[in-house]
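Asker: Sharing a sequence plus its predicted fold:
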Amino acid sequence: MLKCAICGREFDGVPDDAVRLTHTAARTNVYRFSDGAIHSLRKIRSPKSESVLPPLESPREATELLQSVVEVLTELPQSQSEPIKREATEPEIEPMTTMAAAFRNFKS
Ligand SMILES: [Zn+2]
């Protein structure tokens, strides 16, 4: 299987009428198809084997997947009761004047 690094299209193979423009040792080679389109084709395995995904795309897809998981987790009902509980246990901040006065009395 081949995947284009430019447009992301996947091909079963290089068409017979496609012209190969690069002759490098790299696995990615540029072809001009019969319709004039330029495709930079890289050999990939079938989508079933996840270990050989193109390295340019997998980190972004993983990030998007992680973000969607986080969004689901934050929408769980458990997270809604937490702020109420925390509000009740949070100690009230004493006015600074009280502490300042106590400190003043202690010194003098
Ligand atoms: Zn392409």
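Answerer: It's in.

Asker: Now do the strands in the protein.
Answerer: Using DSSP state E, the strands assigned to the chain run over residues 2-4, 10-11, 19-20, 28-32, 38-43.

Asker: From the rest of the structure, what touches the last one?
Answerer: Meaning strand 38-43. Here strand 38-43 makes contact (Cβ atoms under 8 Å, 6 or more residues apart in numbering) with 1-7, 9, 11, 14, 18, 21, 27-33, 54. Where C-beta positions appear, they are placed from N, C-alpha and C, glycine not excepted.

Asker: wait, what's in contact with Arg32?
Answerer: Arg32 sits next to 18-19, 21, 38 when contact means Cβ under 8 Å, 6+ apart.

Asker: picking up where we left off before, near the ion, list only the ones from the contacts of strand 38-43.
Answerer: 4, 6-7 (Cβ under 5 Å from the ion).

Asker: re earlier: point out the most buried one among the strands of the chain.
Answerer: Sort the strands of the chain by mean neighbour count, taking mean count of other Cβ atoms under 10 Å, and strand 2-4 sits at the top with a mean of 19.

Asker: What pairs with that strand, parallel or antiparallel?
Answerer: If you go by DSSP bridges, strand 2-4 pairs up with strand 10-11 (antiparallel), strand 38-43 (antiparallel).

Asker: per-residue confidence averaged over it?
Answerer: Across strand 2-4, pLDDT averages out at 95.
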